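Chemist: Next input, structure requested:
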Amino acid sequence: MVPVGADWTDNTKLLGFYNPLANDGKGKYVKTQILSLIERANSHPTVPFFLILDEMNLSHVERYFADFLSHMET
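Modeler: Numbering: from 1, shown residues only. Now for the predicted structure:
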């Protein structure tokens, strides 16, 4: 269960982001709980995984979830 906040204006809260300043300037990809769940689900295709986005209506869904839905359709 992941709480959605009013500050969710893009998909970085879903899939993470690259932080070029991390790791002494070498950069690092910052993962989210959701991305970790997706990776675990991908490595265990026979096990059901569930993601609950609590209070999705606190932010505009089309701003943070559109890219994710597009990829699911393909």
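Chemist: For residue 53, give me its contacts.
Modeler: 2, 4 (Cβ atoms under 8 Å, 6 or more residues apart in numbering). No exception for glycine: its C-beta is placed from N, CA and C like everyone else's.
Chemist: My reading is that residue 29 lies in a strand. Confirm?
Modeler: Yes. The assignment for residue 29 is a strand, going by DSSP: H, G, I helix; E, B strand; the rest coil.
Chemist: which non-adjacent residue is nearest it?
Modeler: Excluding the flanking residues, the one nearest residue 29 by Cβ to Cβ, 6 or more residues apart in numbering is residue 18, at 5.2 Å.
Chemist: and the spatially most central residue of the chain, what does it touch?
Modeler: Centroid check for the chain by Cα atoms, centre = their mean gives residue 14 as the closest residue, at 1.7 Å. Shown in contact with residue 14 (Cβ under 8 Å, 6+ apart): 32, 34-35, 64-65, 68.
Chemist: Residue 37 in helix, strand or coil?
Modeler: Taking three-state DSSP, the label given to residue 37 is helix.
Chemist: Now do it, the pLDDT please.
Modeler: On the pLDDT scale, residue 37 is placed at 95.
Chemist: residues near the closest residue to residue 52 other than its chain neighbours, how many?
Modeler: Excluding its sequence neighbours, the residue lying closest to residue 52 (Cβ to Cβ, 6+ apart) is residue 1, at 4.4 Å. Applying other Cβ atoms under 10 Å, we find 8 residues neighbouring residue 1.
Chemist: Roughly how far does residue 1 sit from residue 33?
Modeler: 9 Å (Cβ to Cβ, to the nearest Å).
Chemist: Residue 11 too?
Modeler: Distance from residue 11 to residue 33, by Cβ to Cβ: 14 Å.
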